[in-house]
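S.K.: Here is a sequence together with a model predicted from it:
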Amino acid sequence: MSSEAAGGNNIDPNTMSIIVTKGTLDWAYPPFILGSTAAAMGLQVTMFFTFYGLGLLLKDLDLKVSTLGNPGMKMPMMGMHMGMPNLVSAIPGVDRMATTMMKNMIKKKGVASIPELREMAVEAECRLIACQMTMDLFEYSTDDMIPGLEIGGAATYIEVATQSHINLFI
């Protein structure tokens, strides 16, 4: 019995989909790095931006880091790696301080910025889809977003995901 007769489908091994649900500075790096790298390696990449991940497609980015609920966040300070307890997140200005520290470290280490990585994904012809429901929910228009996006819903993503060899949830 063929795979199609058994209910399977012919999935192209050179395809990848990423559903992007987070919009903080630290969560913005994985989808753009993985997506643009996969595209550079010859994969057809689709990135579906929903809920807080949709903010990564805004023309004007103002990304921040949140220390709340992020126990893995250990920053190099004073010759060691220091974590921030959740209680510290309640202090006004801590997220701003963490964001500034992260941005300074990114710049010092020569890591590309999110706008640069996003542009690399566009140049690598990653298919960028903004979730229509989330745009409506958060009252965004296409004028708020970078040019060249597709608008689609859950069915659009499911269609892509069922045909993709690699599916990532970030």
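M.R.: Nice, thanks for sending it over.

S.K.: Select the longest strand from this protein.
M.R.: strand 12-20 (DSSP state E).

S.K.: buried set for the following helix or strand past that one?
M.R.: For strand 12-20, the succeeding helix or strand toward the C-terminus, using DSSP states H and E, is helix 25-40. Buried residues in helix 25-40, counting neighbours by 16 or more other Cβ atoms under 10 Å, are found at Leu25, Asp26, Trp27, Ala28, Tyr29, Pro31, Phe32, Leu34, Gly35, Ser36, Ala38, Ala39. The C-beta positions use only the backbone N, C-alpha and C, and glycine is treated the same way.

S.K.: Could you single out the nearest of the residues you listed to Ile114?
M.R.: Nearest to Ile114, judged by Cβ to Cβ, of these is Ala28 at 4.7 Å.

S.K.: List of residues touching stretch 33-46?
M.R.: Outside of stretch 33-46, the residues within contact range by Cβ atoms under 8 Å, 6 or more residues apart in numbering are 12, 14-18, 47, 117, 120-121, 124-127, 129, 160, 164, 166, 168, 170.

S.K.: now those: which count as buried?
M.R.: Applying a neighbour-count criterion of 16+ other Cβ under 10 Å, the buried members of the contacts of stretch 33-46 are 15-18, 47, 117, 120-121, 124, 126-127, 129, 160, 164, 166, 168, 170.

S.K.: can I get the CA coordinates of stretch 125-136 in CSV?
M.R.: Coordinates of each C-alpha in stretch 125-136 appear next as CSV, following Å, rounded to 0.1, in the frame of the first residue of the first chain:
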residue,chain,number,x,y,z
GLU,A,125,12.7,34.6,0.8
CYS,A,126,11.3,33.1,3.9
ARG,A,127,7.5,33.2,3.7
LEU,A,128,6.3,35.5,6.5
ILE,A,129,2.6,35.1,7.5
ALA,A,130,0.9,37.4,10.0
CYS,A,131,-2.0,35.8,11.8
GLN,A,132,-5.2,37.6,10.8
MET,A,133,-7.1,36.8,14.0
THR,A,134,-4.2,38.2,16.1
MET,A,135,-4.1,41.3,13.9
ASP,A,136,-7.8,41.8,14.5
